[in-house]
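**Student:** coordinates for the following, if possible.
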Amino acid sequence: MHAGPDSPPMNIFTSVMDSTSVSTNWALPPQEDRNGLIVYFVLVLKDVQFNTSDLMANTSSFGYTFSGLHEYTQYNLEIAAATSVGLGPFSSPVTFVTDETGKIFSVFQILLKSFLFSVSFVVPTAPPQLVSGVPRSSTLITFTWSPPPPLEVNGLIRYYIVQVTERHTRRSWTFFAVDDIIQIGSLHPYYLYDCSVSAYTIGVGPVSSSITVRTDQSGKI
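**Tutor:** Predicted coordinates:
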């Protein structure tokens, strides 16, 4: 019996472009859950603060940009994949906040007691900690980590950059995550994968030590 996908798209990443627009991209659901050819995606954007009407979009690509959003407002984004016969489940909400108009992150001056001090935001000075990975199947690995030590974050972490390398072929991929967990799918059975993570505030911090995880063997129960 044909049906829509059993799982939502993976590796959803949002990038706030300015105070009124955001771009997003994603990857296909795990191959074993697609139930056919994925022909389009449905995106639903929900305004958490003002509770205005949801914004919806359909696309056959792996990226989309929403514009005309409210300034400095929290939104939730959910995405579902569809085959020609049905729509699959929506992803867990991905939360982001649009920028403030004219917000400046670089350098500001403070005049205090006749001394002029320059204060600037800097990038993290330590990498994410406790990076680990668990194979979930022969084609799927879950990677987790903890933020850098609080005194070395140096600002608000906007997202993490996850670098994954397939040991056998030396192919590499870069993923982006707003939380401290990511699931990477469409991998090869019983292959070794190296993973390292860095944090981004207004720039990229140092990269963590690499860990190695092997996917399960095909057909493992």
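**Student:** so where's this structure shaky on pLDDT?
**Tutor:** Counting by pLDDT under 70, the chain contains low-confidence ranges at 1-2, 51, 100-122, 219-221.
**Student:** so what are the domain limits for it?
**Tutor:** 10-97, 129-214 (automatic domain parsing).
**Student:** distance between the ends of the first one?
**Tutor:** Which is domain 10-97. Taking CA to CA, to the nearest Å, domain 10-97 runs 21 Å from one end to the other.
**Student:** identify each buried residue in stretch 88-103, please.
**Tutor:** 88, 90, 91, 94, 96, 98, 99 (16 or more other CB atoms under 10 Å). The way it works is simple: take the backbone N, C-alpha and C, and place the C-beta from them, glycine included.
**Student:** identify the bridge partners of the spatially closest residue to the fifth one that is not a sequence neighbour.
**Tutor:** Pointing back at residue 96 there. By the measure of CB to CB, 6 or more residues apart in numbering, the closest residue to residue 96 outside its immediate chain neighbours is residue 14, 4.7 Å from it. When bridges are called by DSSP bridges, residue 14 pairs up with residue 24.
**Student:** so what's residue 99 up against?
**Tutor:** Residue 99 is in contact with 16, 18, 19, 71, 72, counting by CB atoms under 8 Å, 6 or more residues apart in numbering.
**Student:** which among these count as buried?
**Tutor:** Buried members of those, counted by 16+ other CB under 10 Å: 16, 19.
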